[in-house]
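Novice: Please work out how this folds:
(chains A and B)
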Amino acid sequence: MGPTLFIYLAYGAVAIGLTVWLARTLHNNGTAFLADIFSDRPELATAINRLLVVGFYMLNLGYSFLLLREPVVSSAEQAGRLLINRLGVLLVTLGLIHFVNMLVFWKIRRRTLLDMAPPPVTPQVMISKPDSEPFPA
Amino acid sequence: MTMANTVPRTMTILYDASCPLCRRARDWLAGEATYLPIELMAADSPSAIERYGELPWTGTELVVVADDGRTWIGPAAFVVAMWCTRRYRSWSFVLSGPTFAPLAERFFRMVSAKRGRLGALLKDPECAWCEIPATRS
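Specialist: The predicted structure is shown next:
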């Protein structure tokens, strides 16, 4: 087995394994989160979660395959170095994508909470309900 | 209070129509997108007095009245008016939080107390004689 083939196999195994693991983590933990945001429409939460995971798979796998183009190696040492380097780039990128994903979740949640939030300060007094209804039709 | 954590359906904002700064703020607020319908009323207008009677604070403090009778006066009313707007709702929570609430309260009190003098610095769109320069020709 030449060094190039070794790199392809090792890299492919790690990249696919990592992506699957991350996608499952995202899916499992996103379920609770999205169910909270879309508590009135659970089927929408499931759909959004699935779509997010599909996008995550496409982005990660596509990017990880693109990362490894035409490795020119002649020795096992070079092959090892290239493998470690590519895996490092892949991990950093996956980490960044993961944080962007969490940021999007957080923003959606914050937006939803803000939309439903009652006034932030307690009223000083209660006056009796007005006789004439505001905004007459 | 049971309704402290509910979201009002409509809000009525009672402002001092005799102050240019307040009229300016009214025009600004009228152009803002809001989460709920708001009604801007001059505090001393007949319709306001007919609906709410003579409130002891109208004309001296900003007053915000919810459709269920909850009433905010002074600095709290400023915060609740911000809470109505889509753009500044998040700010209303910042300004009523532990860090900025004392500062915001002092600021709103200052603006409210000095609104006459602050308004004099601005051009009053409804003042016909303000444009005439007070210089000898």
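Novice: So which residues on chain B come close to chain A?
Specialist: Within chain B, the residues that sit near chain A (CB under 8 Å from any CB of the partner chain) are B:1, B:4-8, B:10, B:12, B:35, B:37, B:39, B:50-52, B:55, B:65-74, B:76, B:79-80, B:83, B:89-90, B:92-93, B:96. Yep, even glycine has a C-beta here, placed from its N, CA and C like the rest.
Novice: Among those residues, name the ones in helices.
Specialist: B:Glu50, B:Arg51, B:Tyr52, B:Ala76, B:Val79, B:Val80, B:Trp83, B:Arg89, B:Ser90, B:Ser92, B:Phe93 (DSSP state H).
Novice: I'd like the distance between the second one and B:Leu62.
Specialist: Relative to B:Leu62, B:Arg51 is positioned 17 Å away (CB to CB, to the nearest Å).
Novice: The two: who's more crowded?
Specialist: Legend: neighbour count by other CB atoms under 10 Å in any protein chain shown for B:Arg51 and B:Leu62, higher for B:Leu62 (26 against 19).
Novice: That one and B:Tyr15 touch, don't they?
Specialist: Yes. With contact defined as CB atoms under 8 Å, B:Leu62 reaches B:Tyr15; the gap is 6.2 Å.
Novice: Give me the packing partners of the helix or strand bottoming out on mean pLDDT in chain B, helices and strands only.
Specialist: In chain B, no helix or strand scores lower on mean pLDDT, DSSP states H and E than helix B:115-121, which sits at a mean of 76. Helices and strands touching helix B:115-121, by 3 or more CB pairs under 8 Å, 6 or more residues apart in numbering or on different chains; DSSP states H and E, are helix B:20-31.
Novice: List the buried residues of the helix it packs on.
Specialist: Going by neighbour count (16 or more other CB atoms under 10 Å in any protein chain shown), the buried part of helix B:20-31 is B:Pro20, B:Leu21, B:Cys22, B:Arg23, B:Arg24, B:Ala25, B:Arg26, B:Leu29.
Novice: Show me what it packs onto, helices and strands only.
Specialist: strand B:11-15, strand B:38-42, helix B:115-121.
Novice: Using TSV, lay out those together with mean neighbour count and distance to A:Arg109.
Specialist: Output for those, formatted as TSV (neighbours: other CB atoms under 10 Å in any protein chain shown; distance: least, CB to CB, whole Å):
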stretch	mean neighbour count	distance to A:Arg109
strand B:11-15	24	26
strand B:38-42	18	26
helix B:115-121	14	38
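Novice: Let me have those in CSV, extended by distance to A:Val100.
Specialist: Formatted as CSV, the helices and strands packed on helix B:20-31 follow (distance: least, CB to CB, whole Å):
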stretch, distance to A:Val100
strand B:11-15, 37
strand B:38-42, 36
helix B:115-121, 44
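Novice: Could you list which residues are in contact with A:Met117?
Specialist: Not quite, residue A:117 is Ala, not Met. B:Val7, B:Trp83, B:Arg89, B:Phe93 (CB atoms under 8 Å, 6 or more residues apart in numbering or on different chains).
Novice: How much space separates it from B:Tyr35?
Specialist: For A:Ala117 relative to B:Tyr35 (CB to CB), the value is 9 Å.
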